[in-house]
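Student: one predicted model, sequence on top.
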Amino acid sequence: MKKRTRVAALLLCALLCFAMTVSVAFIAAESGHACEGEHCHVCVELRACLSFIKSLSFIAAVVAALLSARYVIDPIIRRAVLDSAGPTLVSLKVKLSN
């Protein structure tokens, strides 16, 4: 099951990268189009691409913030748990020999 999850994550990442690349390419190609007026189909697609890119960047920022918080908070919690557990033979470096 672990291999399946890894393959699924890789496919999802590739799909998101492809969608981001296509969105950016479409925005670059159609940025100077001749607008037809209020109901321009190209402008609607441009807004959809911009919305997709903004949403994806917001999600990436949230994930990065959560991961960085985890790496900051995790050692603090581990240290607190180890300190509250009390001394052990290993922490006291007791030699167990007969």
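Tutor: Yep, it's here. Numbering: from 1, shown residues only.
Student: please make it C-alpha for all contacts and neighbour counts, starting now.
Tutor: OK.
Student: tell me the SS of H33?
Tutor: The local conformation at H33, judged by DSSP: H, G, I helix; E, B strand; the rest coil, is coil.
Student: so what's C35 up against?
Tutor: Contact analysis of C35 by CA atoms under 8 Å, 6 or more residues apart in numbering lists 42-43.
Student: from S55, how far out is it?
Tutor: Remark: distance between C35 and S55 (CA to CA, to the nearest Å) = 25 Å.
Student: for L66, the count of nearby residues, please.
Tutor: The burial count assigned to L66 is 12, neighbours taken as other CA atoms under 10 Å.
Student: where along the chain do the helices fall?
Tutor: Across the chain, reading from the start of the chain, the helices by DSSP state H fall at 2-30, 41-84.
Student: among those helices, which is nearest V90?
Tutor: helix 41-84 (12.4 Å; CA to CA).
Student: least confident secondary structure element in this protein?
Tutor: When the helices and strands of the chain are compared on mean pLDDT, DSSP states H and E, helix 41-84 comes out lowest with a mean of 88.
Student: and that one, how far from the chain's centre?
Tutor: Distance of helix 41-84 from the chain centroid (CA atoms, centre = their mean, to the nearest Å) equals 5 Å.
Student: that one to helix 2-30, inter-axis angle?
Tutor: Taking axes from the mean of the first three to the mean of the last three CA atoms, to 10 degrees, one finds that helix 41-84 is oriented at 140 degrees with respect to helix 2-30.
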